[in-house]
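Trainee: Predicted model and sequence below, questions to follow.
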Amino acid sequence: MQEKDLLDLAGRGRVKFFERNEYIVLQGEPYRHYIFVIQQGTITLWDESGKDVELRDVLGAGDFIGIEQFNDGRSYAYSARSSSDVVLYTFPAFDFEELVLKYPYARQYVSAHSHVAVDYQLLEEQRDVQNTFLHDLVKGRQLPVCDAGSSIADVARYLLTTGAEAAALMDRNQIRAVVTANSLLEWIANGGGDARDSVAALARSGFITLPSDACVTDAVLAMATSDNGALAITQDGTAHGQLNAIVTPQDLGPVFGDQPVAILREIRRAPTVRALQELNERARAFVFRYLTSGSSVGWLARFTSLADSAILKRIITLTVPEDLPACWCFCGASGRGESLTKVAPQLLLILDDDHNHSLSSDVYRRVVEATASCGCLPVADMPFELPFYSATATEWKRRYHDWLRDPVLQEMYKARPLFDLRPVHGRQQLWQTIETSVGDAMDKDFLYVLANDCLSSLPPMTFFQDAVVDDSGEQSAIFRLEHSALRPLVDVGRVFGMAGKNVLGTSTLERFAIARRLMPEQASIFAEASDTLRVVLWQQGRIGISQNTDGAELPPALLSRYDRQVLKSGFRSILRLFEFMADPQWLKTL
């Protein structure tokens, strides 16, 4: 705030004192057009609408009462009582709105009291690359093009003199291919030929295109899945659209300070496991730099998923000389594409039925050990012994059938991460047989059992000072982020993915999208749960990477006041999700 606004606000404020056990506001009464700020003392919020009075929040110095009136609230949601001697600052709501809420940061903070916000960034961390458009990077540049009449020497000379990394091969005003410096090197490595030949000999089919409104993160992910080294920006995003620009990894360097596409490319060519460790460290450092808000989770989770997949494939190439007839898969957080920290991906191996299982078990062990050598942290919760995760397709189908047929006696709760199975390398048809088997065996009785099993892990109620408070009022110095916030969302999302017969190979966000399609009248519940998931993954990622942990547990002192408020709103969204799921009526709508 500007000092003048701060002094004006302070001059219009008043001080009020309350002794212990006094009511400050009553549930359901209209807002008094005042804002209360706790200067000292403790205030508890109580839900007195039902038969039993229930504790809903604990507030301390710096917390607000009545702030929700700026989010279209009409009355106090809960009664507020003093738990000690309390001193309050009171400000007229009109003055607060005029002098404070004109500042975007303050408006965001107030909004977080009623909604889960995914786009907040600390001022010193604002690197909003997901809203940086590609056309802003290359606008005004000469379009690097050539035609079929150009020779290979002509194009090589053009790239050398201009410093461009790529040029578009045009045919009748339509892009036919993208020729890169790598194309020339590959041509030379394969024996070359006459440099006077047409450049069409270097043309690669299937070049990448993006629309003119694409952002730089779209380019990173698109380039990461291809070795072309360049992409074309066209008016409509198709190969037939009007060419606007050619973008290469070199163009992205000034935006990121590093070249994320180069990180993934170097992983695919790493000569040793030691080199993979250094690249893994570099990839996580890149993620930490740009993990600035919940809204950044989507593209960065995709980036880490590509990095982890590339590391696994390179490890297999370096450590497994024989061609193993199998499908290597991720499960758990990596299987959902939600692993941002340095935790090792949880590996699962599906073998062809005719292969020697004892030999493949040794291969599986070697790959797991090599993965751990890449600077990865160990998986904290492994419900089965290591040999269990390597089995034939027939054995895996039997196991999944048993879990689905009798989830209680077969202790299906241990196998939840295995229902996040995603193929990474090898014979994907082996994974597809498991996916088909799981989808065919799904029924409502199983979903009912699994849905009830999800309700065992409740989120905390609030933060108070540097402690976490549960619904009974007990305080803890550690916030169990994964157990009490992330796992409930993941478990519920998995149920809805199963309800849509699309669970293996999907993320939690995709599963909530399935739920919105199945039950559109409840779309707001699933949309807010999705935002809460992004916020929780953001906190887990940024704290886990910075502290070199899995981010599963953390002291609340690492969370800012704004972080805590957004998480508290997220806790309420999880409870609303639980309340909806606890009523089995939703199963009847499927």
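Mentor: Arrived safely. Numbers count the residues shown, from 1 in each chain.

Trainee: quick one: buried residues of stretch 405-423?
Mentor: By 16 or more other C-beta atoms under 10 Å, the buried positions in stretch 405-423 come out as 407, 412, 415, 416, 417, 418, 419, 420, 421, 422, 423. Bear in mind the C-beta positions are built from the backbone N, C-alpha and C, glycine included.

Trainee: So the second one versus residue 338, what's the distance?
Mentor: This points to residue 412. 21 Å (C-beta to C-beta, to the nearest Å).

Trainee: Residue 462: neighbour count?
Mentor: 23 (other C-beta atoms under 10 Å).

Trainee: For the closest residue to residue 482 other than its chain neighbours, what are phi and psi?
Mentor: Closest residue to residue 482 in three dimensions, ignoring its sequence neighbours and counting by C-beta to C-beta, 6 or more residues apart in numbering: residue 552, at 3.9 Å. Main-chain dihedrals, residue 552, degrees, to the nearest 10: phi -70, psi -30.

Trainee: so what's residue 552 up against?
Mentor: 380, 480, 481, 482, 483, 540, 544 (C-beta atoms under 8 Å, 6 or more residues apart in numbering).

Trainee: contacting residues for the second one?
Mentor: Residues in contact with residue 480 (C-beta under 8 Å, 6+ apart) are 468, 552, 553.

Trainee: pLDDT score for the last one?
Mentor: I take that to be residue 553. pLDDT, residue 553: 93.

Trainee: you'd agree it is up against residue 484?
Mentor: No. If you go by C-beta atoms under 8 Å, residue 553 and residue 484 don't touch, sitting 9.9 Å apart.

Trainee: what about residue 214, neighbour count?
Mentor: Counted with other C-beta under 10 Å, residue 214 comes out at 19.

Trainee: Find the nearest non-adjacent residue to it, please.
Mentor: Of all residues not flanking residue 214 in the chain, residue 134 sits nearest, at 5.2 Å (C-beta to C-beta, 6+ apart).

Trainee: thinking again about what came up before, among the contacts of residue 480, which one sits closest to residue 272?
Mentor: Using C-beta to C-beta, residue 552 comes nearest to residue 272 of the contacts of residue 480, at 30.5 Å.

Trainee: hang on, the earlier thing: dump the contacts of residue 480 to a markdown table, plus distance to residue 329.
Mentor: Shown next, in a markdown table, are these (distance: C-beta to C-beta, whole Å):
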| residue | distance to residue 329 |
| --- | --- |
| 468 | 35 |
| 552 | 22 |
| 553 | 27 |
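
Trainee: Out of those residues, the closest to residue 582 would be?
Mentor: Using C-beta to C-beta, these come closest to residue 582 at residue 468, 23.5 Å.

Trainee: need the next SSE after the helix or strand where the closest one lies, C-terminal direction.
Mentor: According to DSSP states H and E, residue 468 maps onto strand 467-469. Downstream of strand 467-469, the next assigned helix or strand under DSSP H and E is strand 475-476.

Trainee: which other helices and strands contact the next helix or strand after that following strand?
Mentor: Scanning forward in sequence from strand 475-476 by DSSP H and E, the next helix or strand is helix 481. Identification of packing neighbours for helix 481 by 3 or more C-beta pairs under 8 Å, 6 or more residues apart in numbering; DSSP states H and E yields helix 523-547.

Trainee: Give me the buried positions along the helix it packs on.
Mentor: 525-545.

Trainee: With stretch 14-32 instead?
Mentor: Buried-residue list, stretch 14-32, by 16+ other C-beta under 10 Å: 18, 24, 25, 27, 31.

Trainee: what about it, how long is it end to end?
Mentor: Distance across stretch 14-32, first residue to last, is 14 Å (C-alpha to C-alpha, to the nearest Å).

Trainee: average pLDDT for that stretch?
Mentor: pLDDT averaged over stretch 14-32 gives 93.

Trainee: what does that stretch contact?
Mentor: Outside stretch 14-32, the residues touching it (C-beta under 8 Å, 6+ apart) are 36, 39, 41, 43, 46-49, 65-66, 69, 73-90, 93.

Trainee: Any of these buried? List them.
Mentor: For the contacts of stretch 14-32, buried by 16+ other C-beta under 10 Å: 36, 41, 43, 46, 65-66, 69, 76-82, 86, 88, 90, 93.

Trainee: Which ones among those residues map onto helices?
Mentor: Taking DSSP state H, the ones among the buried ones among the contacts of stretch 14-32 that sit in helices are residue 93.

Trainee: Just the ones in strands from the buried ones among the contacts of stretch 14-32, please.
Mentor: 36, 43, 46, 65, 79, 80, 81, 82, 86, 88, 90 (DSSP state E).

Trainee: out of these, who's nearest residue 203?
Mentor: Using C-beta to C-beta, these come closest to residue 203 at residue 65, 67.7 Å.

Trainee: Which residues does the closest one form beta bridges with?
Mentor: Legend: beta-bridge partners of residue 65 under DSSP bridges are residue 36.

Trainee: buried set for stretch 201-210?
Mentor: 202, 203, 204, 207, 208, 209, 210.

Trainee: Out of those, which one has the lowest pLDDT?
Mentor: Least confident entry in the buried residues of stretch 201-210, by pLDDT: residue 204, with 66.
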